[in-house]
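# need a structure here:
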Amino acid sequence: MTSGSKPRVYLVGTGGSISFVGRTRTDYTNYSYDRKHLTIDEMLERVPEVLEFADVRTEQFLNLGSTDVTPKHWLGLAKRINQIFRDDADAAGVAVTHGTATLEETAYFLNLTVKSRKPVVVTGAMRPPTGLGTDSEVNLIDCIRVAAAPQSAGRGVLTILNNQIQAARDVTKTNSYRLETFQAPDFGFLGYADSDESVVFYRRTDRAHTVDSEFDVADIDQLPRVDIAPAYAGADGLVIKALAQAGVDGIVAAGLGSGGSPPPFMAALKEASDAGMPVVIATGTGSGRVMQTRRFTEDGYIVADNLTPKKARILLMLALTVTKEPAEIQRMMLTY
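Residues are numbered from 1 along each chain as shown. Just a heads-up that it's a prediction; the model follows:
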């Protein structure tokens with residue numbers, strides 16, 4: 001289980017603001033321009049304190065800004081983490097560094113595809129390591145600490161930023177620059193990695209994840225194509241029709257309020273649904289449930305419950321690797 005008395009944690013780097021190198025200490029906006037990154041080993045060298053409580057093994061999986069991360073990268077990362085746990089029974093957990101732009105998406109994909117109860121924890125930073133007041137180093141320390149903690153096991157994939165431990169399913173980025181950007185609007189965070197060096201949990205998510213997930217990506221090299229269509233005042237369904245004509249495998253509608261949208265938009269969705277396209281209705285409000293109403297049922301739509309459009313897209317992509325049956329996909333939306 002350990003090297004000496006320390007839990008073994010694999011630290012997997014993928015890039016992002018937590019690794020970017022800016023030109024000055026006050027560069028908080030243009031630091032990605034030169035595309036210069038610290039390596040994961042260089043990042044670890046900046047926080048030697050972690051070696052007091054963990055045996056850390058580093059791996060540079062990617063070194064990209066997270067706007068460059070694609071579903072192919074998700075597949076590769078999930079497979080690599082599963083391989084780590086298969087090959088090393090003594091691994092205590094995996095810590096992943098990632099850019100914040102798509103961190104919540106990668107974390108939720110891993111939540112549905114990692115086949116271990118051991119901790120997988122994802123972190124990033126809102127300020128680069130070269131900037132004054134950077135959050136990169138404390139977030140990295142916290143990530144490794146949470147991944148090393150036995151009480152983190154069995155809770156699904158976690159994220160840690162700003163000392164707050166969040167469930168991958170629930171967390172979302174809510175602000176473009178502030179350090180406290182990652183929140184779970186409906187339910188709040190799970191616990192703290194706190195200044196007394198403790199990892200403390202107060203609740204856990206009740207939705208299925210990791211080893212209880214039915215999704216297996218071991219033999220999948222490409223995920224089904226699912227796109228998000230946002231609704232807004234005057235939306236006429238042009239985007240829906242274009243997606244259907246392009247041959248996408250599924251559509252997630254980011255609806256207004258509780259999921260309803262302008263009549264031409266809804267008419268285009270019904271046309272796509274009638275043609276056999278899986279259509280999921282989510283809310284674009286940022287929180288709250290979409291419920292199965294009489295109209296949604298009659299028109300053959302699947303509802304996303306309280307998943308954000310981005311998370312509903314990920315779940316639909318994985319669902320389509322198993323089934324195209326709307327009733328089964330609806331069950332999955334209410335399970336994960």
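# Low-confidence stretches in the stretch 151-300 of the chain?
For the stretch 151-300 of the chain, no stretch has pLDDT under 70.
# Would you mind giving the secondary structure of residue 160?
On the three-state scheme (DSSP: H, G, I helix; E, B strand; the rest coil), residue 160 is labelled strand.
# so it sits right up against residue 194, yeah?
No: checked against CB atoms under 8 Å, the pair residue 160 and residue 194 is beyond contact range at 11.2 Å. In short, each C-beta sits where N, CA and C put it, glycine included.
# give me every residue that touches the closest residue to residue 195 other than its chain neighbours.
Take residue 195 and drop its neighbours on the chain: the residue closest to it by CB to CB, 6 or more residues apart in numbering is residue 163, 7.7 Å away. Contacts for residue 163 (CB atoms under 8 Å, 6 or more residues apart in numbering) come out as 138, 142, 192, 193, 194, 195.
# what do you get for residue 14?
Going by CB under 8 Å, 6+ apart, residue 14 touches 61-64, 66, 69, 73, 77, 96-99, 106.
# Can I take it that it is in a helix?
No: secondary structure assignment places residue 14 outside any helix; it is strand (three-state DSSP).
# Skipping its backbone neighbours, what lies nearest it in space?
With sequence-adjacent residues excluded and distances taken as CB to CB, 6+ apart, residue 14 is closest to residue 62, at 4.2 Å.
# average pLDDT for the helix or strand harbouring that neighbour?
When secondary structure is defined by DSSP states H and E, residue 62 falls within strand 55-64. Averaged over strand 55-64, pLDDT sits at 97.
# Would you mark the buried spots in that strand?
Using 16 or more other CB atoms under 10 Å as the test for burial, strand 55-64 gives 55, 56, 58, 60, 61, 62, 63, 64.
# ok, now stretch 41-56?
Taking 16+ other CB under 10 Å as the criterion, stretch 41-56 shows 43, 44, 47, 50, 53, 54, 55, 56 as buried.
# cool, and stretch 89-105?
Buried positions in stretch 89-105, judged by neighbour count with 16+ other CB under 10 Å: 91-105.
# what do you get for stretch 24-43?
With burial defined by 16+ other CB under 10 Å, the residues of stretch 24-43 counted as buried are 27, 28, 31, 32, 37, 38, 40, 43.
# Help me confirm that the fourth one comes into contact with residue 17.
Yes: Residue 32 lies in contact with residue 17 (CB under 8 Å); the separation is 7.3 Å.
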